[in-house]
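Peer 1: Fold the following and give me the result.
(4 chains, ligands or ions: 4)
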Amino acid sequence: AGSSSGGSDTPSDAIVIGLTGEPVNLDFTTTSGAAIPQVVMNNVYEGLVTIDQEGELQPQLAESWEVSEDGTVYDFALHDEVTFSDGEDFTAADAVFSIERVQSDAWLNGTKSKMDVVASAEAVSDTELRVTLSRPSNAWLFDMGTYVGAMFSETGVDDLATTPIGTGPYTVESFVSGDRITLAGRDDYWGEEPDITDVTLRYFADAVASTNALRSGDIDMVYNMQAPDLMGQFESDDAFQVIEGTSNGEILLSMNNRVAPFDDVRVRQAVMYAIDRQAVIDAAWAGYGTEIGAMVPPTDPYYEDLTDMYPYDPEKARELLAEAGAEDLSITFDVPTRPYATAVSEIVVSQLAEVGIDASIQSSEFPAVWLDKVFTQADYQMSVILAVEARDVLATFNNPDYYIGYDNSKIADQVIAADSGTPEEYVSGMQEVVRTISEDAASDVLFLFPNLVVADADLDGIAANAVTESLILSGLTWSD
Amino acid sequence: MTSADFAVDVRGLTVTAGSTTLVDDVTFRIAPGERVGLIGESGSGKSVTSTAIMGLLPDTLSTSGSVSVAGGGDNLLGKSDARLARLRGSAMSMVFQEPMTALNPLMRVGRQVAEIMTIHRTASPAEADRRAVALLDDVGLPNPAETAKAYPHQLSGGQRQRVMLAMALANDPALLVCDEPTTALDVTVQKQVLDLVLRAVTERGTGLLFITHDLAVVASVCERVLVMNAGVVVEEGPIETVFTRPQHPYTRGLLAASDLTATDAGGRLFTIATAAGYDPARLRRDADAETAAVDSPSSTVRTPAEAPAAVVEPSAAPVSEAADAVSTAPPIVSVRGLTKTYVRSRSGLFGRAARVEALRGLDFDIREGERFGIVGESGSGKSTLLRILSGLDQPTSGDVEVVGTSLRGAKERDLGELRRTLQIVFQDPMGSLDPRMSVGDIVAEPLLNPANLRSGVAASPAERRRLVAEMLDHVGLPAASVERFPHEFSGGQRQRISIARALVCRPRVLVADEPVSALDVSVRAQVLNLLADLVDEYGLTLVFVSHDLGVVRHLCDTVAVMRAGEIVETGPTEQLYDAPAHEYTRQLVLATPTLQHTLENA
Amino acid sequence: MTTHLDAPDATGVPVPPPTTTARRKRARPGIQLIIGASLIGLVAIVALVSLVWTPYDPETTVAADRLQFPSAAHWFGTDRFGRDVLSAVMAGSQITLLVGFIAVGIAVVVGVPLGILAGMRQGRLGDLIMRGNDILLAFPGLLLAIVFGAVFGAGTVTAMVALGIGSIPAFARVARSGTLQVMKTDYVFAARAANRSEFRIALRHVLPNISGMIVVQCSVNFGIAVLAEAGLSFLGLGTMPPTPSWGRMLQESQQFLGSYDYLAIAPGLAIAVAVLGFNLLGDGLRDRFDPKMRSNR
Amino acid sequence: MARRLLSSLGQFLATLLVATALIFVMLRVMPGDPAVVALGINATPEALAQWRAEYGTDQSLALQYLQWMGGLVRGDFGTSYVTSQDLSPLIVDRVQVTLILVGLSMLLALLVAVPLGMLAAIRHQHPSGVVLSGISQVGVAVPNFLVGVLLVAVFAVHLGWFPSGGWVAPADDPVEFARRLVLPVIALGSVQAAIITRYVRSAVLEIMREDFLRTARAKGLTKGAALVRHGLRNAGVPVVTIVGVQLAAMLIGSVVIERVFVIPGLGSLLVDSVGNRDLLAVQAIVAVLVLLVILINFLVDLAYTVLDPRLRKAA
Ligand SMILES: Nc1ncnc2c1ncn2[C@@H]1O[C@H](COP(=O)(O)OP(=O)(O)OP(=O)(O)O)[C@@H](O)[C@H]1O
Ligand SMILES: Nc1ncnc2c1ncn2[C@@H]1O[C@H](COP(=O)(O)OP(=O)(O)OP(=O)(O)O)[C@@H](O)[C@H]1O
Ligand SMILES: [Mg+2]
Ligand SMILES: [Mg+2]
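Peer 2: Ligands and ions are numbered 1, 2, ... in the order given. Next up is the predicted model:
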């Protein structure tokens, strides 16, 4: 496949993209992690709907849809003449199959719960699909734009790990583990064929290696760059373009609400005041990233600027700690082995020390150990993690069994009400919920993780906003 | 080449290492066909002289003077390596001491011999291969065509030395330098090699520089001798003259110490220090007497003393009166049907486990108070026997009883009694002393185990110090030695330390494995004297191993001759030497060069 | 076979002048030994000083001071958290020495007795030990470190222990071959003839006489451990932040290459100095301990 | 030969048994459940149980081990928990990559180290020899990833002469394959060259003191010629030993260089598999590693016997 592709000598229909975090396989129905949907969603698989760069829902396989008055019945009109890459036609039956499959045992990934709200799905005709929800949900349709809503072929789910079959513009040509995945454009794609039909995704364990490859002309774009300090060199170089896209990822300084000392709201609030978030962004991520104050990215409908709620005020922090009788705190800080986490942790520890909290870093191998110890067993005091899933504020805080251990009694009912209400009620309801969570200082959202992209200056159509996990390839094109 | 009237001409050769002078103003000349010996004790500068002639000295040494070799142009000193290389192996050749290491282990010996011809282009490669086989034949190697294909490790020491010789002679050099070529060989093999050298140089008219520390050897090979001491040639002249009328006291000392048949008034061997009382002229007369003795085996060799200061007697004399008493005493060591088989671990990858029958059925007794000598060539099993006697190794079969302890299958703890009554002195005086222990600790070590003490009670540190001091005094070492380390002593002194350690617990049996083989002649006499004194003083039974017949003859009253794991002959020393019953014993006696003998033949 | 370069002792009195001067001359430490010892001494002194004093706290981040080029205030500059690189390099020497000492310590404490035992008991026990050793040999330290890192959590301790276990075979081998040599010497036979127990022989004769080889091996493995720790830190399996470690500093400096090169120079140089020091020390010691090598100086 | 092979095989089996059993236990006590890693956060207990049943990780350790060994006997490493891929072709792929990388690096190292080591030995008293051995000392002291990073910075990023990394199978594109190997092979090989130079130097120095070399000079060879004709092969044994040791160490040790140059080798697979708790993959890697190490030792032994007739069967 397309191997040598220096920025200038790349054929106009080929591209090599550098990524970090290789998928172990291509089956997101049984394997977690954002790396799989990053490759296959919108490229190999498509959904009924998709989410655009501004975070808005857009039709994809469904031309249009209608929602019943009570918000529980969705009637989708599907595109005609859509085929899967194995040649099979895409029909409403496939959509029913796909939705029901999420609810079945075949789908193991935890995100399947997003489909819990679906009561039934039926194929009214080949192009007409009716989905009935058990209760109205504002979130469901949005979720259908993520990989939970991927449409599978009834006959093409035998080997999802290596041979994904979808309706998207690309097929997986090869998967060399530890190295690369190549995608090839489909001739028989139902929509507009992409300009670039020869895509190579190369995986780098190390961000520096990927930028080196970019600079030596080996690759054309580094997507979701993990070494922000390298950006400066590209910004001053005309041969490259640097894009700071948004993402759904929040850097969450999680505090275990169930164990001392963070079972005391005053201690949690003290931490909020103790952290100078802009300084964290500057030191840990070279100034890239946005303060958002809560676990809601600006692209979400119910975003509200809460950054002023806890200004940097070490004095206040010390007061709160004194009030809580928690001076000279010693805590352990479980840091997953990820570049952002180690970078953030060093500055956080230093800032906490200022207010008299002695945090000792304990490194947790990610994902294995961190998932086991911190996430599953909630055997931790403080941790830090990049939460990448879209619209995850509720998943994080509206579940007392979750590792954060936030007591959701105050918000649980508000959440149901908001989800079931009108879109306007949904927005205001959710803002209410988020404010409550912030007041309780359930955890400290340090900043919104930027989706840093560096690319050859001649590359156009880069979908730099990581609104969902997916990296949308079809818009890419070379300018001359 | 023909025009030269010398094989080598050395003038004022001086070699220095930094500020130390190793060889000082040495001048000599060897005529074509002349055989010149260079003698002197260890470290006197013999090897440095010979390597300087060959131009093989390390760069760290500096030379002055001049060395010319027939056909080699003017002074060779200071010439480039490339220039000298052209002469080495063609105009002059050298045979080194260690046959085991002097050949390239990875190259077939035929190729190594052929190489010297191809290097100097004296033969085409094919021709060289052919001539190599012929040369190997010349030096008396059996089956030369086969041998040429062998690797060095497949040949014995004597055979390797023959290969070296074949190599050295290949290009008919004007000068052959031999640096102790037979020191590492058995006497029987030594004789063959010496004969070979002699024949080769006479046939070819090669000048020979022969280095050795063995006076008898030099006498048997050379016409003229240079005596070297501390880098200086102190005396020079025809063998006959130098050995019978030495002018320099050092030469006289060497002669006296080498002569194990001569003792002073106290029945002790001469040392360099006491050499003044030694009359070298007796060698000549003795030799005559010896011939007579061989002619009529029944007569005992007893030459009346001539020198006023010395009683010259055959060595057995000091102990002869004790011999009768000994023969009636009960055996303190009794060996019956002793065999020992080693199973060598696989040599290399494809080797099979080799079985070595080191001892094949020995029977003998040693009586209390006896001085029992064991002689035999290398590998005949002498050391193995001693290790078994001292309980350091297990017999494979047969019975061994030492001081009432049966060693067959004895466990370490059963050997307490044996360890207490029997002690050992080893060959290598450096190797038998732990370099990291002070002399005091070394000598005191046997005292640390209470089981070794007669009293059976642990000795206090003070007691130990007293015993050690006493013992050191006995072996003639100053009390201050306790704090020093082995490397600060000379070879002879180290052997004294070793003896002190062996005797500190007052054993009844002393076992000595070649205790003087590694020593210079000058020191050898001292140590032998000391041993004889201590054996008398402590009433020890002595088991003494040596490959040197002269030494055994001086010290022991009974001798056992070993060959290939068997005792071929045992008997009273005199009888065995004078009338060897076994063919091998006879060969051994004949092959041993003695000054008397060779001077007689010269 | 043996050569005697000493003067004869006609009088039975020790002969100090020629022998001891010759000794002293030979024992004069080689240039390698001097350089090696000085470099290690430097690292050790820096480590000691850093225990009580460094120009700045090596762990405190100062956002305002990030990425400053070397200056009078910060001789080696500051890193991306505004920490003083000189202080970090100084403090990093502690980890380096610690890793070296513990890793080598484990290997010595386990490997040497095993090697001596295998050398002294050449029967089944010896075979068993060496077989076990061969098995361990198939697990290089890095493999152990990776697996241990997963089992016990990556970090300095894990790395040290894994590297230590990984170098046990080297020490066992050296100890065994040394022991085999010593056990063949006459002084051991003499000690056995003097009724000394095996344990005493091991302690009094074997250990002191193989100590030279062991020390050489130690210094070699010290260097190996320092490099391995750096490599592990590079993989993210070494010392964890915020504890300063040269390997991690080097790894972190990577993304600043080309713009803030000084960040790589200081730790890179420090690693090279330490490893070079230990290697030179090892070579120097080998020359001293190995008589075969001596004549070569 | 057959004997030696047999004993190698025995050693392999014994080592494999112990090693894999150890790894098995170790991976089991390791924190982190492969099911959780695979299914991720939010997975339901039922889903986890189902996953475990599917991959058999809920069975007893002994049974899992036996099953795995059974597969191994049939030359089957099993199917990865995590990637759902057949492990055998994957491992074969990775081993190939590592062997090519390591083999070429060692070749380069030897080509550089043997002449340089000899030169350093012959000139050990001249300034040039001292400088050479000084360079090799420094070379040994530099972490190899630093060399790699610098090579990339200069030759890939700055000068653009070579790609900064990546791997192309030789069958796909031989030219590109070679271009991509240049820098990693230099990075890995140069440090090895420094190490081996030191060994060659000391082996040659040792040989230079041997009696037979003096003999060779006495035969009329100059110092250098004697060394080349008689010394080299003799110096071979210690050099072969260190080459064997280094090769074995590099199989996993090259992981650092693999990381720098983004090369999918065995070491990288190990690091990834351990991170993913891909127990079967780790097992397979360890098994292959043990096999390779023993194979290397066997070849080293073989080289000894080729070099040294004393080690051949005493006829
Ligand atoms: N390369 C050298 N550098 C310094 N001193 C040396 C060197 N070679 C030999 N010597 C010294 O020169 C003196 C003479 O040594 P040489 O080897 O010539 O003695 P030798 O008479 O041959 O003794 P032996 O009988 O033991 O072989 C000794 O004191 C020795 O230590
Ligand atoms: N530990 C051992 N393992 C295997 N073979 C041995 C061992 N010790 C001795 N041998 C062999 O036993 C035979 C007798 O050896 P031993 O050392 O007793 O001879 P020796 O008469 O003392 O010779 P030397 O005069 O050379 O000291 C030799 O062939 C030797 O190679
Ligand atoms: Mg000599
Ligand atoms: Mg012997």
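
Peer 1: a helix runs through A:Gly293, doesn't it?
Peer 2: No. Judged by DSSP: H, G, I helix; E, B strand; the rest coil, A:Gly293 forms no part of a helix; its state is coil.

Peer 1: Tell me, how many residues neighbour it?
Peer 2: 22 (other C-beta atoms under 10 Å in any protein chain shown). (Glycine included, C-beta is placed from N, CA and C.)

Peer 1: what does A:Ile251 give?
Peer 2: By the criterion of other C-beta under 10 Å, A:Ile251 has 25 neighbours.

Peer 1: what about the helix or strand it falls within and chain D, any contact?
Peer 2: Element membership of A:Ile251, judged by DSSP states H and E, is strand A:250-255. No. Using C-beta under 8 Å from any C-beta of the partner chain, strand A:250-255 never reaches chain D; the gap is at least 12.3 Å.

Peer 1: Restrict that strand to CA atoms and write it as CSV.
Peer 2: What follows is strand A:250-255 as a C-alpha-only set of coordinates in CSV (Å, rounded to 0.1, in the frame of the first residue of the first chain):
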residue,chain,number,x,y,z
GLU,A,250,-12.4,16.5,29.8
ILE,A,251,-9.3,16.1,32.0
LEU,A,252,-11.0,15.1,35.2
LEU,A,253,-9.3,15.3,38.5
SER,A,254,-11.4,12.7,40.2
MET,A,255,-11.9,12.6,43.9
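
Peer 1: where does the chain have its least confident helix or strand?
Peer 2: I'll assume chain A. helix A:368-370 (a mean of 79; mean pLDDT, DSSP states H and E).

Peer 1: my bad, the chain I had in mind was chain B
Peer 2: Per mean pLDDT, DSSP H and E, helix B:317-328 ranks last in chain B, at a mean of 49.

Peer 1: average pLDDT across the helix or strand just after that helix?
Peer 2: Later in the chain than helix B:317-328, the nearest helix or strand by DSSP H and E is strand B:331-344. Mean pLDDT, computed over strand B:331-344, is 87.

Peer 1: same thing with stretch A:319-337?
Peer 2: For stretch A:319-337, the mean per-residue pLDDT is 90.

Peer 1: Show me what counts as buried in that stretch.
Peer 2: Within stretch A:319-337, the residues that count as buried by 16 or more other C-beta atoms under 10 Å in any protein chain shown are A:320-321, A:324, A:326, A:329, A:331, A:333-337.

Peer 1: does it come close to chain C?
Peer 2: Yes. Using C-beta under 8 Å from any C-beta, stretch A:319-337 reaches chain C at A:335, A:337.

Peer 1: now D:Gly236: how far from chain C?
Peer 2: Remark: distance between D:Gly236 and chain C (C-beta to the nearest C-beta, to the nearest Å) = 18 Å.

Peer 1: For the closest residue to that residue other than its chain neighbours, give me the pLDDT.
Peer 2: Excluding its sequence neighbours, the residue lying closest to D:Gly236 (C-beta to C-beta, 6 or more residues apart in numbering or on different chains) is D:Leu307, at 4.6 Å. Note on D:Leu307: pLDDT of 83.

Peer 1: now swap in D:Gly160 and tell me
Peer 2: pLDDT, D:Gly160: 82.

Peer 1: Report how far apart the opening and closing residues of stretch B:481-501 are.
Peer 2: Terminal residues of stretch B:481-501 are spaced 13 Å apart (C-alpha to C-alpha, to the nearest Å).

Peer 1: which parts of the stretch 151-297 of chain C sit against chain D?
Peer 2: Contacts of the stretch 151-297 of chain C with chain D, taken as C-beta under 8 Å from any C-beta, map to C:151, C:153, C:223, C:227, C:230-231, C:234-235, C:247, C:250-251, C:254, C:257-258, C:264, C:268, C:271-276, C:279-280, C:283, C:292-293, C:295-296.

Peer 1: buried subset of these?
Peer 2: For these, a burial check counting by 16+ other C-beta under 10 Å picks out C:151, C:153, C:223, C:227, C:230-231, C:234-235, C:247, C:250-251, C:254, C:257, C:264, C:268, C:271-276, C:279-280, C:283, C:293, C:296.

Peer 1: what are the ranges of the helices in the chain?
Peer 2: Went with chain A since none was named. With DSSP state H as the criterion, chain A has helices at A:35-40, A:92-103, A:138-144, A:207-215, A:231-235, A:265-274, A:277-285, A:314-323, A:339-354, A:368-370, A:393-397, A:412-420, A:423-439.

Peer 1: oops, chain D please
Peer 2: Ranges of helices in chain D, per DSSP H, are D:2-29, D:34-39, D:45-55, D:61-73, D:87-122, D:127-141, D:144-151, D:174-208, D:211-218, D:223-226, D:232-253, D:255-261, D:266-275, D:279-307.

Peer 1: that older thread, what is the burial count for the residue nearest to D:Gly236?
Peer 2: For D:Leu307, the neighbour count with other C-beta under 10 Å is 18.

Peer 1: Considering the buried residues of stretch A:319-337, which is situated nearest to ligand 1?
Peer 2: A:Thr337 (58.9 Å; C-beta to the nearest ligand atom).

Peer 1: Against chain D, how distant is the closest one?
Peer 2: 9 Å.

Peer 1: ok, now how distant is that residue from B:Leu542?
Peer 2: 76 Å (C-beta to C-beta, to the nearest Å).

Peer 1: For ligand 1, give me its nearest residue in the stretch 351-480 of chain A.
Peer 2: Nearest residue of the stretch 351-480 of chain A to ligand 1 (C-beta to the nearest ligand atom) works out as A:Ser363 at 58.1 Å.

Peer 1: Show me the shaky parts of the chain.
Peer 2: Defaulting to chain A. Residues of chain A meeting the criterion pLDDT under 70: A:1-11.

Peer 1: looking at chain D here, not the other one
Peer 2: In chain D, residues with pLDDT under 70: D:1-5, D:8, D:27-28, D:30-32, D:40-42, D:312-315.

Peer 1: For B:Arg586, the count of nearby residues, please.
Peer 2: As a measure of burial, B:Arg586 has 13 neighbours, counting by other C-beta under 10 Å.

Peer 1: what's the helix or strand for it?
Peer 2: Assigned by DSSP H and E, B:Arg586 belongs to helix B:583-591.

Peer 1: helices or strands up against that helix?
Peer 2: helix B:187-204, strand B:558-563, strand B:566-572 (3 or more C-beta pairs under 8 Å, 6 or more residues apart in numbering or on different chains; DSSP states H and E).
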